[in-house]
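Trainee: sequence and predicted structure are below.
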Amino acid sequence: MRTTFLIIVIILAVLAGGCTIPSPTAGTTTAIHDVIGIWTGMTYGDSQTEGFRQHDKSRYNISNQKGYAFSGSKEYIRGDGTTHYENFSGIVSGSGEISMADNPKGYSFGKLTGPDTMELHYVEDGPEAKAYLSLLTRQKR
């Protein structure tokens, strides 16, 4: 009888303890970061075909956002001095981490470093491999 009583007390204590611990998401919400706007800034990096590069002509126009997903276009200066345009699709996490896929190729990963600043790391593999770091600031609307 004493053993049965002890088992029931232990079970009730476990159940009571489990019922009073708040769930990890109770009372917390993750804000969706607004990334719409024109982001400009410096880019630094290296390309197998163009060598080391640095310029201040990077421009990302994030024109559409639905929840965590966004899309837009970017423009940048190639090694020969011409301006090039590409479309991209991306996501931004609740913690401000960014992932983007460029059309026709390449990927950017980064993070929001402030409400109007971000850091992007662009990588592309293959014979024309390249890696760039862009430090961008959102232009005032």
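Mentor: Okay, I see it. Numbering: from 1, shown residues only.
Trainee: only C-alpha atoms for contact and neighbour calcs from this point on.
Mentor: OK.
Trainee: going by residue numbers, what spans are strands in this protein?
Mentor: Secondary structure of the chain by DSSP state E: the strands cover 37-47, 51-66, 69-77, 83-92, 97-103, 107-114, 117-124, 130-138.
Trainee: for those, which one sits closest to residue 30?
Mentor: Judged by C-alpha to C-alpha, the one of the strands of the chain that comes nearest to residue 30 is strand 83-92, at 11.7 Å.
Trainee: next, the buried residues of the closest one.
Mentor: Within strand 83-92, the residues scored as buried using 16 or more other C-alpha atoms under 10 Å are 87, 88, 89, 90, 91, 92.
Trainee: what's opposite the nearest residue in space to the last one that is not next to it in sequence in the beta bridge?
Mentor: On the basis of C-alpha to C-alpha, 6 or more residues apart in numbering, the spatially nearest residue to residue 92 that is not a chain neighbour turns out to be residue 98, at 4.6 Å. Applying DSSP bridges to residue 98 yields these beta-bridge partners: residue 92, residue 110.
Trainee: hmm, residue 98 is touching residue 112, no?
Mentor: Yes: shown here, residue 98 and residue 112 form a contact pair, counting by C-alpha atoms under 8 Å, at 7.4 Å.
Trainee: to residue 31, which of the strands of the chain lies closest?
Mentor: Nearest of the strands of the chain (C-alpha to C-alpha): strand 83-92, 10.7 Å.
Trainee: check which helices and strands the closest one is in contact with.
Mentor: Packing partners of strand 83-92 (3 or more C-alpha pairs under 8 Å, 6 or more residues apart in numbering; DSSP states H and E): strand 69-77, strand 97-103.
Trainee: residues contacting the spatially closest residue to residue 44 that is not a sequence neighbour?
Mentor: Using C-alpha to C-alpha, 6+ apart and skipping the chain neighbours, the partner closest in space to residue 44 is residue 54 (4.5 Å). Residue 54 sits next to 42, 43, 44, 45 when contact means C-alpha atoms under 8 Å, 6 or more residues apart in numbering.
Trainee: hmm, try it at 7 Å
Mentor: Contacts of residue 54 were listed using C-alpha atoms under 7 Å, 6 or more residues apart in numbering, and they are 43, 44, 45.
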